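Chemist: Would you be able to build a 3D model of this:
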Amino acid sequence: MDALPLDDVPAIKVYLGLPLFGKRAEAGGVEALKRRQASDFASQIFEPVVVGAAKELPAALKALRAMGCMARDEKIGLFGFSGGGAAVLLALAEHDVPIGSAVILNASTGLSASIGAYENATAKPYPWNDAAHELARRTDAVGRVGEIAAGHPPVALLIVQGTADATLTPRLATDLHAALKSKYAARDAQRLQLILADGMSHNVTAASSIGDLRMWTGDWFNRW
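Modeler: Take a look at the predicted model:
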């Protein structure tokens, strides 16, 4: 909310917390997350947080409609950072809610990408199992570009990626953009954009990066 107030976007903004984080953290906070991570990253962290966030969207929209915040046929815009970006991509692929536009920032492109980041951070190999492989398939954005780009017109998607992101590297974003580009018809090419932000790190802490991000995000939502 502090980083992206989006005051220039004439819409109702709703900031949804990820499951198990922030005010939704379990008793024990960070230590509880570490225990989950040590138990099984895929089933204890990625699935409840990322898949869980995407699954919560229909209920969130139902509540917004009940409060008179949106009409039944209105589409929403989504923003997601890191694991939240993976949740946005999954929501785009599964089409459980009507989405007109989306912005993802330094996003995981699925379980495989997140496990790669986990392995790099911990220097420990992840013990894959059948359930994790299936979850990886379901959440692989590159593998589901046909579903993400489905619809007429397809979702207007802005991919913002920091070139200095050592956690989720720029290759993830460029590969996703290249795969999606092949699915967007020429008439819809402007609805897909990749911004490689020079020098931006994963957590986007620099004031200049925040300013650029606010401008890019606000302009995208206003345009689409």
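
Chemist: contacts and neighbour counts: CA atoms only from here.
Modeler: OK.

Chemist: where does the residue sitting nearest the centre point of the chain land on pLDDT?
Modeler: Among the residues of the chain, the one closest to the centroid is Gly85, at 1.1 Å (C-alpha atoms, centre = their mean). On pLDDT, Gly85 comes in at 98.

Chemist: Would you map the strands across this protein?
Modeler: Secondary structure of the chain by DSSP state E: the strands cover 76-81, 99-105, 156-162, 192-197.

Chemist: Export these as a markdown table, with columns for distance to Gln37 and mean pLDDT.
Modeler: Listed next are those as a markdown table, based on distance: least, C-alpha to C-alpha, whole Å; pLDDT from 0 to 100:
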| stretch | distance to Gln37 | mean pLDDT |
| --- | --- | --- |
| strand 76-81 | 20 | 97 |
| strand 99-105 | 23 | 98 |
| strand 156-162 | 25 | 98 |
| strand 192-197 | 30 | 97 |
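
Chemist: now those strands in JSON lines, with mean neighbour count?
Modeler: Output for these, formatted as JSON lines (neighbours: other C-alpha atoms under 10 Å):
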{"stretch": "strand 76-81", "mean neighbour count": "19"}
{"stretch": "strand 99-105", "mean neighbour count": "23"}
{"stretch": "strand 156-162", "mean neighbour count": "24"}
{"stretch": "strand 192-197", "mean neighbour count": "17"}
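
Chemist: can you redo those as a markdown table with distance to Lys62?
Modeler: Listed next are those as a markdown table, based on distance: least, C-alpha to C-alpha, whole Å:
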| stretch | distance to Lys62 |
| --- | --- |
| strand 76-81 | 12 |
| strand 99-105 | 14 |
| strand 156-162 | 23 |
| strand 192-197 | 28 |
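
Chemist: hang on, the earlier thing: could you pull up phi and psi at the closest residue to the residue nearest to the centre of the chain other than its chain neighbours?
Modeler: Residue nearest to Gly85 in three dimensions, not counting chain neighbours: Ala107, with 4.5 Å by C-alpha to C-alpha, 6 or more residues apart in numbering. Backbone torsions for Ala107, taken as degrees, to the nearest 10, come to phi -90, psi 140.

Chemist: Who are the contact partners of Ala107?
Modeler: With contact set as C-alpha atoms under 8 Å, 6 or more residues apart in numbering, Ala107 has these partners: Gly80, Phe81, Ser82, Gly83, Gly84, Gly85, Ala86, Gln161, Leu168, Ala173.

Chemist: Distance check, it against Leu176.
Modeler: Between Ala107 and Leu176 the distance, using C-alpha to C-alpha, to the nearest Å, works out to 10 Å.
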